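Enquirer: this is a predicted model, with the sequence first.
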Amino acid sequence: MTQTKLQPYLQTLMQMRQDLLARIAQQRGGQVSRADVAFAHFDHTQDDPGEINTERDIEFAINENETAQLQSIDEALKRITQGVYGLCEECGVSMPRERLLAAPQATRCLACQTIFETAHAAH
């Protein structure tokens, strides 16, 4: 893919990354560490332990999801610099423009993604 054709994807990925980092910072209350935020959220000795555990589990799940999103964006940006962006990591075929517009961080073509999800759904 030429540099000109890559530009819209690069811009979209950079914007996605910036938005995600801003959302993470907002949820954390600025540049506070996640540990400090977790302590503030869970320092409720008067609350029910079950409620505290549920809130903690939700916080950890959100953190894991955000980390995975950021990693997938960073990996897509890396594929751009390596010159392999838009190629399916499974079959090597060039992914359609529509696929990349819908999911610019995609690593597999739709057929390979479907196979992957089907195989991992059973686990």
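Expert: Nice, thanks for sending it over.
Enquirer: quick check on the residue nearest the centre of the chain: phi, psi?
Expert: With the centre of the chain defined as its mean C-alpha position, the nearest residue by C-alpha atoms, centre = their mean is Q69, 0.8 Å away. Note on Q69: backbone dihedrals following degrees, to the nearest 10 are phi -60, psi -50.
Enquirer: can you tell me how far it is from E75?
Expert: Distance, Q69 to E75, by C-beta to C-beta, to the nearest Å: 11 Å. For the C-beta atoms, the positions are set from N, CA and C on the backbone; glycine is no exception.
Enquirer: pLDDT below threshold where in this structure?
Expert: Scanning the chain for pLDDT under 70 picks out 29-47, 52, 122-123.
Enquirer: domain map for it?
Expert: The record assigns the chain these domain ranges, following automatic domain parsing: 1-85, 86-123.
Enquirer: if we can go back for a sec, spatially nearest residue to the residue nearest to the centre of the chain, not counting backbone neighbours?
Expert: Leaving out its chain neighbours, the residue that sits closest to Q69 by C-beta to C-beta, 6 or more residues apart in numbering is L20, at 5.8 Å.
Enquirer: what are the buried residues along stretch 93-113?
Expert: For stretch 93-113, the neighbour count (16 or more other C-beta atoms under 10 Å) marks 95, 99-100, 104-109, 112-113 as buried.
Enquirer: which of those sit farthest apart?
Expert: Spatial extent of the buried residues of stretch 93-113 (C-beta to C-beta) is set by the pair P104 and C112 at 16.8 Å.
Enquirer: any idea how far L100 lies from C109?
Expert: Relative to C109, and taking C-beta to C-beta, L100 is found at 10 Å.
Enquirer: that should have said L13, apologies.
Expert: According to C-beta to C-beta, L13 stands 18 Å off from C109.
Enquirer: among the buried residues of stretch 93-113, which lie within helices?
Expert: Using DSSP state H, the subset of the buried residues of stretch 93-113 located in helices is 99-100, 112-113.
Enquirer: format those residues as TSV; extra columns: distance to Y9.
Expert: Output for these, formatted as TSV (distance: C-beta to C-beta, whole Å):
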residue	distance to Y9
R99	11
L100	6
C112	19
Q113	17
